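# following is a predicted model, sequence given first.
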Amino acid sequence: MSSNVVYAIVKAGGRQEKVAVGDVVVVDRLAAQAGSTIELTALLLVDGEQVTTDAKALAKVKVTAEVVRDEKGPKIDILKYKNKTGYRKRQGHRQKLTRLKVTGIS
């Protein structure tokens with residue numbers, strides 16, 4: 001493994017994602033227009049052999065990403081059934097998502 005690998009663990013949409021420059025990640029819907037730039041909160045930074053987890057040092061780290069587009073996730077069917085009572089309920093759900101492209105870690 002090469003020693004100049006740079007990646008970060010960021011918090012986005014209630015989850016943590018491992019990102020590097022050029023990666024495309026899908027997170028829960030963000031209130032941003034396509035083409036705009038957003039900044040993600042870094043929780044950990046790996047720069048070669050150096051691992052940064054200190055909160056004061058991570059406050060200076062900027063992970064920028066460009067909003068590619070808004071999308072919807074796969075359809076989830078929710079079926080509820082109770083035996084011998086005639087109770088049946090059908091419901092569907094599609095999660096709203098945002099696709100991001102990481103443009104820089106500095």
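Sure, I can see it.
# just the pLDDT at the residue at minimal distance from the centre of the chain, thanks.
Central residue of the chain (C-alpha atoms, centre = their mean): V27, 3.6 Å from the mean position. Note on V27: pLDDT of 96.
# please apply the same query to M1.
48.
# which residues are contacting stretch 51-71?
8, 10, 19, 24-26, 29-30, 32-46, 96-106 (C-beta atoms under 8 Å, 6 or more residues apart in numbering). Just so you know, the C-beta spots here come from the backbone N, C-alpha and C atoms, and that holds for glycine as well.
# so where does the residue nearest to the centre of the chain fall, helix or strand?
In this assignment (DSSP states H and E), V27 forms part of strand 24-28.
# that older thread, neighbours around the residue nearest to the residue nearest to the centre of the chain when sequence neighbours are not counted, how many?
Spatially, and ignoring its direct neighbours in sequence, V27 is nearest to G13 (3.6 Å; C-beta to C-beta, 6 or more residues apart in numbering). Residues contacting G13 under the criterion other C-beta atoms under 10 Å number 17.
# what separation do you get for G13 and V21?
In this view, G13 and V21 are 20 Å apart by C-beta to C-beta, to the nearest Å.
# repeat for L43
17 Å.
# swap in A65?
10 Å.
# so which helix or strand takes in L44?
Assessed by DSSP H and E, L44 sits inside strand 37-47.
# show residues contacting that strand.
So strand 37-47 is contacted by 5-12, 16, 19, 30, 32, 51-53, 57-58, 61-67, 100, 103, 105 (C-beta under 8 Å, 6+ apart).
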